[in-house]
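Enquirer: fold the following.
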Amino acid sequence: MTAHEARPWLVTGAQGLLARALLGHLAGAGITAVAAGRGDLDITDRKAVQAAFTGRPPAVVINCAAWTAVDAAEDHEAQALAVNGTGARLLAEACRASGSVLLQPSTDYVFDGRAREPYPEHAPTGPRSAYGRTKLAGEQAVLHTLPDTGYVVRTSWLYGAGGNSFVGTVLGLERERETLEVVDDQWGQPTWTADLAAQLVQLGRGALAGTAPAGVYHGSNGGATTWFAFCREIFRLLGADPERVRPLTSDRYARPAPRPAYSVLGHGRWHAAGMAPLRHWHAALAEALPAMRHRPAEEPAGPAGGPAAPAETSETMREEAEITCDRCP
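Expert: Numbering: from 1, shown residues only. Purely as a prediction, here's the structure:
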């Protein structure tokens, strides 16, 4: 056993949707993991972060702690930056001092959404929202502090069991409402947390083995769709009539934070790590949906790893606003 293999992995933001999938996958892979929720580790507190690395520091840190209240960040950008930017930097500095690898999940919101073809990993960024700006600050801090052991993995439209998500909301509304109206002019990639979790664990192992180059990767399921088409596919897989889902445009449901009109991500860099990109979103959804139908949604968690945010919501809950219904925020 190598020194790295003897050290645990640290997962911050442990109550979040992605972190829960990660912890389950790590357990299945026989990797010892420390789960740090907001009450266990405030990543905006330098002393708390340093304390988490004392004794036997982690081999790999996967930072799922984030301010994810997208709309609230428009009025509270400094607080969002403390978690998404400063928190990521403090973790990166601790990783540098201890020789730990850092995997930093990020978001499609770092792009301006004006592209017409998938964004490659090296594409210029240009976030239009406070949330996107703060997540980009975290990316930059990790890449600057850890040029050889820092990994940024951007993802989009996350859903999965054990928490609130667009898919979970649709499952409930299909039973409650005769019709749904969903935006049909925003393009992206639904991503199953189980697929992303497996990819992150494989990337972490590659980082420890020296086979995965540091830098930016895009961790989203393949293909592209709109929220409207995604919702119709959920209905189809449920055996419900997709014609009950009707399209509308984004301007009919304005939100404080601008949503990217097109945030499809390219996946070319995985080959440099000797890894295949994530599978097509159709295949992922078909496998995910049966498990999700039998697990009730939970109350949305706030931004794990940092101070509480007003109007807290999970990252995946931001998409619920795109369905016009009386249950949506």
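Enquirer: output the lowest mean pLDDT helix or strand found in the chain.
Expert: Every helix and strand in the chain was compared by mean pLDDT, DSSP states H and E; the lowest is helix 3-6, with a mean of 64.
Enquirer: now the helix or strand following it: mean pLDDT?
Expert: Proceeding N to C from helix 3-6, the next assigned helix or strand is strand 9-12, under DSSP states H and E. The average pLDDT within strand 9-12 is 98.
Enquirer: partner strands of strand 9-12, with direction?
Expert: Using DSSP bridges, the strands paired with strand 9-12 are strand 33-36 (parallel), strand 60-63 (parallel).
Enquirer: for Leu196, see how far away Leu278 is.
Expert: Noted for Leu278: a distance of 7 Å to Leu196, by C-beta to C-beta, to the nearest Å. For every residue, glycine as well, the C-beta is placed using N, CA and C.
Enquirer: joint contacts of those two?
Expert: In terms of C-beta atoms under 8 Å, 6 or more residues apart in numbering, Leu278 and Leu196 are both contacted by the residues Gly219, Ser220.
Enquirer: tell me where the model's unsure across the protein.
Expert: Judged by pLDDT under 70, the chain has its weakly predicted residues at 1-5, 295-329.
Enquirer: show me what contacts His280?
Expert: Residues in contact with His280 (C-beta under 8 Å, 6+ apart) are Asn221, Gly222, Gly223.
Enquirer: nearest to Leu285, of the strands paired with strand 9-12?
Expert: Checking the strands paired with strand 9-12 against Leu285 by C-beta to C-beta gives strand 60-63 as the closest, at 23.8 Å.
Enquirer: other residues contacting that closest one?
Expert: 9-13, 19, 22, 43, 87-88, 91, 95, 100-105, 200, 204, 207-208, 305.
Enquirer: so which of those residues sit within helices?
Expert: When the contacts of strand 60-63 are checked against helices (DSSP state H), the matches are Ala19, Leu22, Ala88, Leu91, Cys95, Leu200, Gly204, Ala207, Leu208.
Enquirer: how about the helices in the stretch 201-329 of the chain?
Expert: Listed in chain order, the helices of the stretch 201-329 of the chain (DSSP state H, counting those that start in this stretch) span 227-238, 281-293.
Enquirer: a markdown table for those helices, including mean neighbour count and distance to Ala273?
Expert: A markdown table is the format used below for the helices of the stretch 201-329 of the chain (neighbours: other C-beta atoms under 10 Å; distance: least, C-beta to C-beta, whole Å):
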| stretch | mean neighbour count | distance to Ala273 |
| --- | --- | --- |
| helix 227-238 | 20 | 28 |
| helix 281-293 | 17 | 20 |
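Enquirer: wait, which of those is closest to Ala73?
Expert: Of all these, it is helix 227-238 that lies closest to Ala73, at 20.7 Å by C-beta to C-beta.
Enquirer: now do stretch 213-220: distance to the chain's middle.
Expert: Distance of stretch 213-220 from its chain centroid, counting by C-alpha atoms, centre = their mean, to the nearest Å, is 13 Å.
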